[in-house]
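# quick one: sequence plus predicted model below, questions after.
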Amino acid sequence: MNDIRLIREKPEVMREALAKRQMDTAPVDRILALDEERRAKLSELEALRAQRNSASKEIGRMKEQAQRETMKDQVRVINIQIDALDTLVGELDAQLQEAMYELPNIPDADVPIGKDDSENVVIKTVGTLREFAFTPLPHYELGTKLGYLDFERGVKLAGTRFYVTSGPLAKLQRGLIQWLLDHHIARGYREFGLPFMTKEEIMLGAGQLPKFRENLYHDVERDAWFVPTAEIPLTGLHMNDILNGDDLPLNYTAYTPCFRKENLAAGKDTRGIKRGFQFDKVEMYKYCKPEDSEQELQNMVADIEDILVQLQIPYRVKELCTGDLGANSTKTYDLEVWAPGIGEWLEVSSASNVRDFQARRSNIRFRRAPGAKPEFVHTLNGSGLGVPRTMIAILENYQQEDDWIEVPQVLREYVRLDAIK
RNA sequence: GGAGGGGUCGCAUAGCCAGGUCUAGUGCGGCCGCCUGCUAAGCGGCUCUAGGGGGUUAUUCCUCUAGCGCGGGUUCAAAUCCCGCCCCCUCCGCCA
């Protein structure tokens, strides 16, 4: 969520942000009107309440019965006005809140302007694409051929877009998660074991609701929503907290499955294990002081790059343009790996500076010094990494002529296998 | 699922039965000052958050409103009474 005071004082900043994102600027005017009316009515309401409060106290002190009754009648009249105004202010509040929830974050000034994902900017490409002496197979053919990847049984169990791994492939999956977590821990992140469901208010605070309601799975009886990413509970951890400035930055990491109800048509985009309704991911998350968030974003990207360097998989870093930037983010880098079998660059990680957007929604603040005024923290999130797509990259890059797969050197002690045959 | 106890301004507690000087008291902790060769003790003062309005203008000041787990209700007035919900503790039942 954005700062209402910023919109009140410099609406042009918000209009410009929306224009850069290829969005309509009309909500800004609606918000300005609602805010002005709300404040005017609120002042009236509070003045009446002050009147009631002092009158009530006076009644308490009065000795004479007749006098008291006259006074009570007067307050009853005030109360009718208070009720009406209270209802009105409540409605204005709700409308304003809803409009504010819909507004996206303001892109950083240096984010490239562009209309959509075709105008994202490749910052760098690292590693050389392997030359194959044979035609590399896509992972879904390779895995099926080996008998360790079973799409039919996934559908049998849970319907379309689910699959089952087994044997060495299941082991690779588990070992990869373990290695990723250890990688982050070694670089100063603290691991968390989190609930895979959160309350609606946590989803709202992280900016997942109300926007992505139709993409989330949830329990209709309890207030419990399946997480689409560990970013949600990692944000919720410190909801309503006032952190100690000396403890910042906080670097967190967590593994969770992710549940996303993305209703895409079957075809190239959903073939294989690229885009299931459920997938594993190790997430990285930072809470920091506002002045440090740009540097922390760079640090996080460096941490992610190190994973890919160690896995020895060619990758490239893209900076998203304003037209493709997620609503929460002010600046995002996508890391993409080369998958020779399907012949695509695959997004395995997306690292974003969210600045104070989630902190304001979730009310997460810090104090620079004891007694100092609380300020909103900045938060950042990044995947480190999405597991299925990393598996695709490993399978397809490390495949050998007779349909077996070499296990990347760094993973061998985790997977306890040198090869998947 | 049942019975009982509980949730109060960092922590601990009082206030609730008998609604109104509760502007929520006290202790601990924390901050500032005094005293002091130094430290400790002692003494005095201060202590949360959000929002609105006003004066100043990028320090701060004045004032009002709201907040005692959450949401409703009763009342001129609710920490206090009533209803619903959530969470924690103890015991019982159920399931592993």
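Everything's here; your move.
# who in chain A is up against RNA strand B?
A:4-5, A:39, A:42-43, A:46-47, A:49-50, A:52-57, A:59-60, A:72, A:75-76, A:79, A:242, A:365, A:370-371, A:373-374 (C-beta under 7 Å from any atom of the strand). Quick note: C-beta positions are derived from backbone N, CA and C, even for glycine.
# just the buried ones among these, please.
For those, a burial check counting by 16 or more other C-beta atoms under 10 Å picks out A:4, A:42, A:52, A:75, A:365.
# surely A:Lys199 touches A:Arg222?
No. If you go by C-beta atoms under 8 Å, A:Lys199 and A:Arg222 don't touch, sitting 9.0 Å apart.
# so which residues of the stretch 251-400 of chain A form helices?
In the stretch 251-400 of chain A, the segments counted as helices under DSSP state H, counting those that start in this stretch are A:293-311, A:357-362, A:387-397.
# which of those has the lowest mean pLDDT?
With a mean of 91, helix A:357-362 has the lowest mean pLDDT of the helices of the stretch 251-400 of chain A.
# other SSEs contacting it?
Helix A:357-362 is packed against helix A:200-205, helix A:231-236, strand A:378-386, with contacts defined by 3 or more C-beta pairs under 8 Å, 6 or more residues apart in numbering; DSSP states H and E.
# need these in a markdown table with mean pLDDT, can you?
Converted to a markdown table, those look like this (pLDDT from 0 to 100):
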| stretch | mean pLDDT |
| --- | --- |
| helix A:200-205 | 89 |
| helix A:231-236 | 94 |
| strand A:378-386 | 95 |
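# re the thing from before, give me the more crowded residue out of A:Lys199 and A:Arg222.
Set A:Lys199 next to A:Arg222 and count neighbours by other C-beta atoms under 10 Å: A:Lys199 wins out with 15 against 9.
# any chance of the helices of the stretch 251-400 of chain A in CSV with mean neighbour count as columns?
Formatted as CSV, those follow (neighbours: other C-beta atoms under 10 Å):
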stretch, mean neighbour count
helix A:293-311, 19
helix A:357-362, 24
helix A:387-397, 25
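# A:Gln278: which of those helices is closest?
Closest approach to A:Gln278 among the helices of the stretch 251-400 of chain A (C-beta to C-beta): helix A:387-397, 9.6 Å.
# quick one: contacts of the closest one?
Contact partners of helix A:387-397, identified using C-beta atoms under 8 Å, 6 or more residues apart in numbering, comprise A:130, A:136-139, A:142-143, A:169, A:172-173, A:176-177, A:272-274, A:276, A:279-282, A:311, A:313-314, A:337-342, A:346-348, A:405, A:407-408, A:411.
# now the angle from that helix to strand A:378-386?
Interaxial angle of helix A:387-397 relative to strand A:378-386 (axes from the mean of the first three to the mean of the last three C-alpha atoms, to 10 degrees): 40 degrees.
# how close does A:Asp403 get to A:Gln409?
21 Å (C-beta to C-beta, to the nearest Å).
# who's more crowded, the two?
Counted by other C-beta under 10 Å, A:Asp403 and A:Gln409 do not tie: A:Asp403 has more neighbours, with 14 against 11.
# now that one: closest residue in space that isn't a chain neighbour?
Take A:Asp403 and drop its neighbours on the chain: the residue closest to it by C-beta to C-beta, 6 or more residues apart in numbering is A:Lys145, 5.7 Å away.
# got TSV for the helices and strands packed on helix A:357-362, with mean neighbour count too?
Shown next, in TSV, are the helices and strands packed on helix A:357-362 (neighbours: other C-beta under 10 Å):
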stretch	mean neighbour count
helix A:200-205	20
helix A:231-236	26
strand A:378-386	26
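# same list, these, but as CSV with distance to A:Asn353 please.
Shown next, in CSV, are these (distance: least, C-beta to C-beta, whole Å):
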stretch, distance to A:Asn353
helix A:200-205, 18
helix A:231-236, 13
strand A:378-386, 5
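# relative to A:Val121, which of these is closest?
Nearest to A:Val121, of all the helices and strands packed on helix A:357-362, is strand A:378-386, at 18.1 Å by C-beta to C-beta.
# which elements pack onto that closest one?
Strand A:378-386 packs on helix A:167-186, helix A:231-236, strand A:278-288, helix A:293-311, strand A:344-355, helix A:357-362, going by 3+ C-beta pairs under 8 Å, 6+ apart.
# show me the one of these that comes nearest A:Met100.
Closest approach to A:Met100 among these (C-beta to C-beta): helix A:357-362, 9.3 Å.
# got any ranges where chain A has weak pLDDT?
Within chain A, no stretch falls below the threshold (pLDDT under 70).
# any idea how far A:Thr25 is from A:Ala19?
With C-beta to C-beta as the criterion, A:Thr25 and A:Ala19 are 6 Å apart.
# on that earlier part again, what would the helices of the stretch 251-400 of chain A look like in JSON lines with distance to A:Arg15?
Below are the helices of the stretch 251-400 of chain A laid out as JSON lines (distance: least, C-beta to C-beta, whole Å):
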{"stretch": "helix A:293-311", "distance to A:Arg15": "24"}
{"stretch": "helix A:357-362", "distance to A:Arg15": "18"}
{"stretch": "helix A:387-397", "distance to A:Arg15": "37"}
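# right, and the ones you listed - which one's nearest A:Asn328?
Per C-beta to C-beta, nearest to A:Asn328 of these: helix A:357-362, 5.4 Å.
# so which residues make contact with the closest one?
Defining contact as C-beta under 8 Å, 6+ apart, one finds that helix A:357-362 is touched by A:1-3, A:101, A:105, A:202, A:204-207, A:235-236, A:238-240, A:328-330, A:364-365, A:376-379.
# now with 7 Å?
For helix A:357-362, contacts defined as C-beta atoms under 7 Å, 6 or more residues apart in numbering pick out A:1, A:3, A:105, A:204-207, A:235-236, A:239, A:328, A:376-379.
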